[in-house]
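Q: need the 3D shape of this:
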Amino acid sequence: MPDSGKDVMDERGTLPMTSPSDGPTRRWAGRTADAGTGPDGFQDDLRQRVRWAWRVVWRGKHLVLACLILAIVPTILLLKQTPPRYTAETRVLIEAPDVRDPLADRSVRSFMSDSIVQTEAALITSSTLARRVVDKLHLEDDPEFNATLRPARPLSDILAALNPLSWLPPGWLSSAPPGSALSPMAASEMAKAQVVRAFGRGLDVQAQRRSYIVVVSFTSENREKAALIANTVAEMYLLDRLEAGFEDARRVSGWLGERLEVLRRDVVAAESAVEEFRSQNGLRRKGDRQVTLTDQQLSELNSRLVIARSDLAQKQARLDQARSVLRSRGSAESTTDVLQSPLIQRLREQESSLLREMSDALKIYGDRHPRLVGLRAELNGVRGTIGVEVEKISSSFANDVEVAAAGVKSLERQLDGVRQQANTAGEAEIRLRELERQSEATRSLYESFLTRFKREAEQERMQRANARIVSPADLPVAKSYPREIRTLQIVGLLALLFGVGLVFLLDRLDTAIRSSDEAEDLTGLPVLGMIPLQRNRKLNLVEELLRKPRSALADAVRSLRTAITIGALGDSKVIMVTSSIPKEGKTFVSLCLALLFSKAEKRVLLIDADIHRPRLHNAIGIDGSRGLVQVLSGSAAFDDVVQHGAAGTLDVLPAGQETNTAELIKGPAMEAFLRDLLPRYDRIIIDTAPVLAVSDGRLIAPLVDRVIYLVRWNATPRDAVRNGLKLLRSAGAPPSGLVLSQVNQRKHSRYGYGDYGQYYGRYREYYAE
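A: Have a look, this model is predicted:
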C-alpha cells in the first residue's frame, strides 16, 4: 500500500510532503511559507510577490493592450471631433472700499480680507453681470452660445441616437402640463437664460491666494472673442461697482433729506413748546440771574440749621461725658467745665490752704485740739460748697441740650414750610429746563444732519470704483482645450489601471492550475512531471517516443519515470494513473510512461481499466473488443486477451467491450487478478477512469503501490482537483504525486510561472524534434 509520509525525489531533488488544504489558497502563499520572519525572509517574500504580480500582468498583457486600444482609439476620435478652445485672462485688483457713515465727519477705508476678495470674485460670475455682457456684445446671435444657431456636427446625430432618453416619447420628458404654451416674452427670456448659462460655462473667476488680484478668464472657440469677452467682463465689473457707489450715495442723500425734514419739524415744535410753557408759568428766560425771596429764605434757614445742629452736638457731647463719669462712679469735678469754673477754682485754693494749715497744726497740736477741729469743720464746709457747685454745673448741661434741641426743631419746621412754598415754582422750572434740553438736542441733531447732507451731495459727484484692471487680456497663443497629450495620458493611465485590475480580477476568479508551484500549494503533493502539449496528433506516439528519444515529450516522460523510480517510489511495481475529470490526458500519459518503462525493463504491462470509455486501443491501433472486462467476468483468460509487443516490447491489456460493465470491477476480483500478474511483470501501469466520474478508480487505488494524479494544465478547476483527492484519501489511497498534462510550453515559458517547467520552452535546443 502507498505511504504518503515518505519523501519523493525527482530531477529537482527531494520534495517534502505537506499536508493538503481543502480551503482556497493564494497562488504564492505556499511559496512564502518558508521565507522566515527576518529581514532576508521579508525581502524574499516581497520579491516573490512582485514576481507573482508581474507574471499575472504578463499573462494578461493582451487584455491590458485591448483595454488601452478600446480606451485610446475612441478618445482620439472624440478629440478630433472636439473644436479647439482658447482661454484669455484679465487680472483685476480689488481695493478696499471707503465706508462712509452718514452721521460721521470722515470716511474710513474698510479692512480687506480673503472673504471680501472671494465675494467680489463671486459677484463677477453673477447672472446680472453676465446678462449685461451678453447684451453689450450681442452674444445671443453667436452660434457658440445659442445652440439653435449651431450647425450639426458629424457625431452629434450618432450620439443623440445612442442616448436612451431620445428613445422615449417627447411628451414623457416635458414637465409642462398638456396644452400649455409659452408667451413670446417668456420664450425670449428662456432663450436669453440659456445663452447666459452657456456664457457662464466659459467664464471662470479665481482669486489668487495671499493677494487682492482676481483672475478673470474666458474660454471660447475663437481667440479674439475670448480676449474681447474677458476684457468686457472686467470693464462691466468696474462699471457695476461705480454704479453701485453712485446708487449708495443717492440712497444716502435721499434718506438724509427725508430725515432733515422730519428733524426740522421737530425743532420747530420743541422751541414752540418751550416758549409756551415759559409764558404760562411766568418763568424767566435762561440766563437771568435774579434771586427770589424764597431762595434767600432757604439759604438763610439752611445756614442757621447747620449752626444750631453743630451747637446741639457739642452740648450733647458734654452731657454724655458728665453722665458717663457719674455712671462709672467717678467725680464730676474732673470734667472740663467744672475745672474751668472760676468759683470752683477759688474754692479749690481755699481747700488747699486749709489742708496746709491742718498739716502744720498736727505737728504742734494733738488730734483733738480745738484748732484742728475748727480747721476740719471749715474744710468740710468748703468741700460741701464745691459739691453744690458741681451739681449745678451738671444740671446746666441737660438744660443747655434741651434748649439747643428745641431750637433745631424750630428751624427744621421753618425750613419745611419754606420748601413747600418753593416746590411749586421748582417743578415748573424743572419742566422748563427739560423742554429746553430737548429743544437743544433736536437742534444739534438737525444741524449735524444738515452738514452731512451737504457733504454727501458733494460726494455724489465724486465716486471711484475701488478696483482697476492691472493686466488686460491678450490674444491667447495656444489652445487650452482639448489638451490631447494630457488627455491621452490620463485615459491611457486609467485604461492601464483598469486593464491591470481586470487581469488580477480574472486571475483571482480563474480556478485553473498553471504551474507546479500552484499545484503543490493547492494539494500539498509534489509535482512529478510536466507533460507538454502535442499539437500534431497525427504522429504515432510509439514512433515519437521510441525513435526520437531526445524530443521534449520523451524527456518529460523520462523525468516522470525518474521521479517514480528513484527515492521512496523505487519499489512501486503497480502504478495507477487517474485524474479528476475526463480529457485530461491520462491515457496518453499512461501509454507514454509504459513505453519508456518498457525500454528500461523487460516485462511491462499496460492495463486499460477505463471500461466505460476505453481509448487506449485506438491510440495504439490494436483490437480492443476483448480485454479486462472479459478477464474479470471469467469469459476469457488473461493470456488469451493480452497483446504482447503491441508497442515495442510493451504488453497491453485493452479494456474490452461489454454491455453491462457497472459491477465488473470489484475489490476482491481485481485484487486477485493483480496478485496473479505480479510475478510475471516487473512494472504494471493501470489507466483508470476519472475519480469524479465513476468509482472504479477508488476501488482500484487501494490495490496499487502508487497513484499518479493527472491535472490538465490551465484547464482543470481547483475544486475538481480538491474533490478528487478527497475521494482518494477517503478510500485509503492518497496519491503519491501530481503530473501536469498538456502543458503549452511556449505560453508557460513566456509567462514565467517560476517553476522548472518554463525551462523546457526556453532551452529547446537541447531537444531533437
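Q: how far away from the center of its chain is stretch 581-594?
A: 59 Å (CA atoms, centre = their mean, to the nearest Å).
Q: give the buried residues for it.
A: 581, 584-594 (16 or more other CB atoms under 10 Å). No exception for glycine: its C-beta is placed from N, CA and C like everyone else's.
Q: ok, now stretch 608-627?
A: Buried residues in stretch 608-627, counting neighbours by 16+ other CB under 10 Å, are found at 608-611, 614-617, 619-620, 624, 626-627.
Q: repeat that for stretch 220-227.
A: 220-221, 223, 225-227.
Q: average pLDDT for that stretch?
A: If you average the pLDDT over stretch 220-227, you get 92.
Q: stretch 279-291 now?
A: Mean predicted confidence for stretch 279-291 is 54.
Q: so after the helix or strand bottoming out on mean pLDDT in the chain, what's the next helix or strand?
A: Least confident helix or strand of the chain, by mean pLDDT, DSSP states H and E, is strand 13-15 with a mean of 34. Using DSSP states H and E, the helix or strand that follows strand 13-15 in sequence is helix 39-59.
Q: so what does that next one touch, helix or strand wise?
A: Counting contacts by 3 or more CB pairs under 8 Å, 6 or more residues apart in numbering; DSSP states H and E, helix 39-59 packs against helix 484-509, helix 745-751.
Q: ok and it relative to helix 484-509, angle-wise?
A: Interaxial angle of helix 39-59 relative to helix 484-509 (axes from the mean of the first three to the mean of the last three CA atoms, to 10 degrees): 110 degrees.
Q: which helices and strands sit right next to the helix or strand just after helix 39-59?
A: Toward the C-terminus, helix 39-59 is succeeded by helix 61-81 as the next helix or strand (DSSP H and E). In this structure, helix 61-81 makes packing contacts with helix 484-509, judged by 3+ CB pairs under 8 Å, 6+ apart.
Q: centre of the chain to the helix it packs on, how far?
A: The chain centroid and the centroid of helix 484-509 are separated by 26 Å under CA atoms, centre = their mean.
Q: to what extent is the nearest residue to residue 149 once chain neighbours are set aside buried, counted in neighbours?
A: Excluding the flanking residues, the one nearest residue 149 by CB to CB, 6 or more residues apart in numbering is residue 143, at 4.1 Å. Counted with other CB atoms under 10 Å, residues neighbouring residue 143 total 11.
Q: check residue 385 too.
A: 16.
Q: find me the pLDDT at the residue nearest to residue 149, would you?
A: Reported pLDDT for residue 143: 89.
Q: wait, doesn't it sit right on residue 83?
A: No: using CB atoms under 8 Å as the test, residue 143 is too far from residue 83 to be in contact (11.3 Å).
Q: adding secondary structure, pLDDT and distance to residue 93, write the buried residues of stretch 608-627 out as TSV.
A: What follows is the buried residues of stretch 608-627, written out as TSV (DSSP: H, G, I helix; E, B strand; the rest coil; pLDDT from 0 to 100; distance: CB to CB, whole Å):
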residue	secondary structure	pLDDT	distance to residue 93
608	strand	92	96
609	coil	91	96
610	coil	89	92
611	coil	87	97
614	coil	89	95
615	coil	86	91
616	helix	87	95
617	helix	85	98
619	helix	82	92
620	helix	83	97
624	coil	85	100
626	coil	89	107
627	coil	90	103
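Q: distance to residue 490 added to the residues you listed, as a markdown table?
A: Formatted as a markdown table, the buried residues of stretch 608-627 follow (distance: CB to CB, whole Å):
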| residue | distance to residue 490 |
| --- | --- |
| 608 | 61 |
| 609 | 62 |
| 610 | 58 |
| 611 | 63 |
| 614 | 61 |
| 615 | 56 |
| 616 | 60 |
| 617 | 63 |
| 619 | 57 |
| 620 | 62 |
| 624 | 65 |
| 626 | 72 |
| 627 | 68 |
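Q: just name the closest of these to residue 189, please.
A: Using CB to CB, residue 615 comes nearest to residue 189 of the buried residues of stretch 608-627, at 84.0 Å.
Q: relative to residue 586, how far out is that closest one?
A: From residue 615 over to residue 586 the distance is 9 Å, taken as CB to CB, to the nearest Å.
Q: how is residue 133 assigned, secondary-structure-wise?
A: Three states are possible here, and by DSSP: H, G, I helix; E, B strand; the rest coil the one that applies to residue 133 is helix.
Q: how far away is it from residue 197?
A: Distance from residue 133 to residue 197, by CB to CB: 13 Å.
Q: rewinding a little: quickly compare the helices and strands packed on helix 39-59 and say which is most buried.
A: Most buried of the helices and strands packed on helix 39-59, by mean neighbour count (mean count of other CB atoms under 10 Å): helix 745-751, with a mean of 18.
Q: for it, packing partners?
A: So helix 745-751, by 3+ CB pairs under 8 Å, 6+ apart, packs with helix 39-59, helix 758-762.
Q: winner for burial among these?
A: Taking mean count of other CB under 10 Å, helix 758-762 is the most buried of the helices and strands packed on helix 745-751, at a mean of 17.
Q: thinking again about what came up before, who has more neighbours, residue 133 and residue 197?
A: Legend: neighbour count by other CB under 10 Å for residue 133 and residue 197, higher for residue 133 (19 against 12).
Q: following element in sequence after the helix ranked longest in the chain, please.
A: Across the chain, the longest stretch assigned as helix under DSSP state H is helix 370-459. Toward the C-terminal end, the helix or strand that comes next after helix 370-459 (DSSP H and E) is strand 467-471.
Q: which neighbouring elements make contact with that next one?
A: If you count contacts as 3+ CB pairs under 8 Å, 6+ apart, strand 467-471 packs onto strand 86-94, helix 223-281.
Q: okay, buried residues for that strand please.
A: Neighbour-count burial for strand 467-471 flags 467, 469 (criterion: 16+ other CB under 10 Å).
Q: can you lay out the buried residues of stretch 581-594 as CSV showing pLDDT, secondary structure and distance to residue 62?
A: What follows is the buried residues of stretch 581-594, written out as CSV (pLDDT from 0 to 100; DSSP: H, G, I helix; E, B strand; the rest coil; distance: CB to CB, whole Å):
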residue, pLDDT, secondary structure, distance to residue 62
581, 92, coil, 27
584, 90, coil, 26
585, 88, coil, 26
586, 91, helix, 31
587, 90, helix, 33
588, 89, helix, 29
589, 91, helix, 30
590, 92, helix, 35
591, 90, helix, 35
592, 90, helix, 32
593, 91, helix, 35
594, 91, helix, 39
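Q: now distance to residue 386 too, for these, in CSV please.
A: Formatted as CSV, those follow (distance: CB to CB, whole Å):
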residue, distance to residue 386
581, 154
584, 156
585, 160
586, 160
587, 165
588, 164
589, 161
590, 164
591, 168
592, 165
593, 164
594, 168
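Q: closest one of those to residue 308?
A: residue 581 (136.6 Å).
Q: now the phi/psi pair for the closest one, please.
A: phi -130, psi 170 (degrees, to the nearest 10).
Q: same deal with residue 607?
A: Backbone torsions for residue 607, taken as degrees, to the nearest 10, come to phi -110, psi 130.
Q: list the residues that contact it.
A: 628, 653, 684-687 (CB atoms under 8 Å, 6 or more residues apart in numbering).
Q: quick check: the farthest pair among the residues you listed?
A: Farthest-apart pair in the contacts of residue 607 is 628 and 685; separation 13.1 Å (CB to CB).
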